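A.B. asks: give me a model of this one.
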Amino acid sequence: EPRQRSIRATGFKRWLRSDGGKYKNVMGGKTNWVGGTVPFPLNPVFRPSAPLPDTIKEQIYKDYRADPLANTPRGAAQKKLTAAMESMLGVGTAKKLREGLVTEMPRVSGPRFHAVPEGKPFSAADAADVLGRKPYQHIIDR
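C.D. replies: Here you go, the predicted structure:
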(Lines give C-alpha, C1' and ligand atoms only; values in the text may rest on other atoms or scores of the structure.)
Protein backbone atom coordinates (compact mmCIF):
# COMPACT_ATOMS: atom_id res chain seq x y z
CA GLU A 1 0.00 0.00 0.00
CA PRO A 2 1.50 3.41 -0.94
CA ARG A 3 2.52 5.64 1.93
CA GLN A 4 0.47 8.82 2.27
CA ARG A 5 2.27 12.08 2.86
CA SER A 6 1.11 14.17 5.76
CA ILE A 7 -0.59 17.48 5.20
CA ARG A 8 2.33 19.22 6.89
CA ALA A 9 4.89 17.66 4.52
CA THR A 10 2.88 18.50 1.41
CA GLY A 11 2.33 22.05 2.66
CA PHE A 12 6.05 22.43 3.31
CA LYS A 13 6.93 21.15 -0.16
CA ARG A 14 4.44 23.56 -1.70
CA TRP A 15 5.94 26.44 0.31
CA LEU A 16 9.45 25.47 -0.86
CA ARG A 17 8.28 25.60 -4.47
CA SER A 18 6.77 29.08 -3.99
CA ASP A 19 7.89 31.66 -1.39
CA GLY A 20 10.28 29.40 0.52
CA GLY A 21 12.45 28.63 -2.49
CA LYS A 22 14.76 31.55 -1.78
CA TYR A 23 15.53 30.13 1.69
CA LYS A 24 16.26 26.60 0.49
CA ASN A 25 19.69 27.39 -0.90
CA VAL A 26 21.72 29.69 1.33
CA MET A 27 23.54 32.52 -0.41
CA GLY A 28 27.19 32.58 0.61
CA GLY A 29 28.69 35.70 2.11
CA LYS A 30 25.48 37.46 3.08
CA THR A 31 22.49 37.03 5.33
CA ASN A 32 19.40 35.22 4.12
CA TRP A 33 16.71 36.79 6.27
CA VAL A 34 12.97 36.56 5.93
CA GLY A 35 12.56 40.34 6.13
CA GLY A 36 15.23 41.27 3.59
CA THR A 37 17.42 43.57 5.68
CA VAL A 38 16.03 42.44 9.05
CA PRO A 39 15.55 38.91 10.39
CA PHE A 40 12.01 39.49 11.63
CA PRO A 41 9.77 41.75 9.49
CA LEU A 42 7.40 42.50 12.36
CA ASN A 43 10.29 43.67 14.56
CA PRO A 44 12.45 45.93 12.36
CA VAL A 45 14.29 47.33 15.40
CA PHE A 46 15.97 43.99 16.13
CA ARG A 47 19.27 43.94 14.26
CA PRO A 48 21.58 41.21 15.58
CA SER A 49 25.32 41.33 15.13
CA ALA A 50 26.73 39.47 12.17
CA PRO A 51 27.69 35.83 12.70
CA LEU A 52 31.35 34.83 12.84
CA PRO A 53 33.00 34.31 9.46
CA ASP A 54 34.07 30.77 8.58
CA THR A 55 37.75 31.74 8.76
CA ILE A 56 37.44 32.68 12.43
CA LYS A 57 35.42 29.53 13.18
CA GLU A 58 38.13 27.42 11.50
CA GLN A 59 40.87 29.15 13.52
CA ILE A 60 39.00 28.52 16.78
CA TYR A 61 38.57 24.88 15.81
CA LYS A 62 42.28 24.51 14.88
CA ASP A 63 43.32 26.00 18.23
CA TYR A 64 40.94 23.65 20.01
CA ARG A 65 42.27 20.60 18.13
CA ALA A 66 45.87 21.61 18.93
CA ASP A 67 45.23 21.62 22.70
CA PRO A 68 41.64 20.77 23.73
CA LEU A 69 42.22 21.35 27.44
CA ALA A 70 43.79 24.79 27.12
CA ASN A 71 41.81 26.11 24.14
CA THR A 72 38.18 25.58 24.97
CA PRO A 73 35.78 28.07 23.35
CA ARG A 74 34.94 29.45 26.79
CA GLY A 75 38.61 29.88 27.66
CA ALA A 76 39.34 31.61 24.34
CA ALA A 77 36.42 33.98 24.88
CA GLN A 78 37.61 34.77 28.39
CA LYS A 79 41.15 35.52 27.17
CA LYS A 80 39.81 37.86 24.48
CA LEU A 81 37.48 39.60 26.94
CA THR A 82 40.25 40.00 29.50
CA ALA A 83 42.61 41.46 26.89
CA ALA A 84 39.92 43.86 25.67
CA MET A 85 39.08 45.02 29.19
CA GLU A 86 42.76 45.50 30.06
CA SER A 87 43.37 47.57 26.96
CA MET A 88 40.25 49.64 27.61
CA LEU A 89 41.17 50.31 31.25
CA GLY A 90 44.87 50.85 30.54
CA VAL A 91 46.03 48.01 32.77
CA GLY A 92 49.58 46.85 32.16
CA THR A 93 50.69 50.11 30.61
CA ALA A 94 52.60 51.59 33.52
CA LYS A 95 53.76 54.91 32.11
CA LYS A 96 55.69 57.48 34.05
CA LEU A 97 53.91 60.70 34.74
CA ARG A 98 55.12 63.44 32.44
CA GLU A 99 54.82 66.14 35.06
CA GLY A 100 55.11 65.90 38.79
CA LEU A 101 51.82 66.31 40.60
CA VAL A 102 53.40 67.85 43.68
CA THR A 103 55.09 70.66 41.79
CA GLU A 104 51.97 71.42 39.73
CA MET A 105 49.53 71.60 42.64
CA PRO A 106 48.85 75.12 43.92
CA ARG A 107 49.93 75.81 47.46
CA VAL A 108 46.87 75.96 49.64
CA SER A 109 47.24 76.87 53.26
CA GLY A 110 45.42 74.96 55.93
CA PRO A 111 42.64 76.33 58.08
CA ARG A 112 43.58 79.27 60.27
CA PHE A 113 42.27 79.33 63.79
CA HIS A 114 42.75 82.13 66.23
CA ALA A 115 41.54 81.65 69.76
CA VAL A 116 39.71 84.68 71.10
CA PRO A 117 38.62 84.94 74.72
CA GLU A 118 34.85 85.08 75.11
CA GLY A 119 34.71 88.45 76.77
CA LYS A 120 37.10 90.22 74.41
CA PRO A 121 35.57 92.09 71.44
CA PHE A 122 36.71 90.82 68.00
CA SER A 123 35.68 92.90 64.99
CA ALA A 124 35.93 92.33 61.23
CA ALA A 125 38.98 94.58 61.16
CA ASP A 126 40.62 92.38 63.83
CA ALA A 127 39.82 89.25 61.77
CA ALA A 128 41.34 90.84 58.63
CA ASP A 129 44.45 91.75 60.62
CA VAL A 130 44.83 88.16 61.93
CA LEU A 131 44.37 86.68 58.43
CA GLY A 132 46.68 89.25 56.82
CA ARG A 133 44.00 90.60 54.51
CA LYS A 134 42.20 93.86 53.87
CA PRO A 135 39.04 94.41 55.89
CA TYR A 136 35.90 93.40 54.01
CA GLN A 137 34.40 96.87 54.30
CA HIS A 138 37.40 98.39 52.46
CA ILE A 139 36.90 95.93 49.57
CA ILE A 140 33.17 96.73 49.28
CA ASP A 141 33.73 100.50 49.41
CA ARG A 142 35.97 100.44 46.34
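
A.B. asks: quick one: low-confidence parts of the chain?
C.D. replies: Flagging of the chain using pLDDT under 70 yields the residue ranges 1-5, 26-29, 92-107.

A.B. asks: what sits up against the longest helix seen in it?
C.D. replies: Longest helix of the chain, by residue count under DSSP state H: helix 73-89. Contacts to helix 73-89, defined as C-beta atoms under 8 Å, 6 or more residues apart in numbering, come from residues 60, 63-64, 91-92. From N, CA and C alone the C-beta is placed, and that goes for glycine too.

A.B. asks: with stretch 122-130 instead?
C.D. replies: So stretch 122-130 is in contact with 112, 114, 116, 134-137, going by C-beta under 8 Å, 6+ apart.

A.B. asks: likewise stretch 11-20?
C.D. replies: Outside stretch 11-20, the residues that touch it by C-beta under 8 Å, 6+ apart are residue 24.
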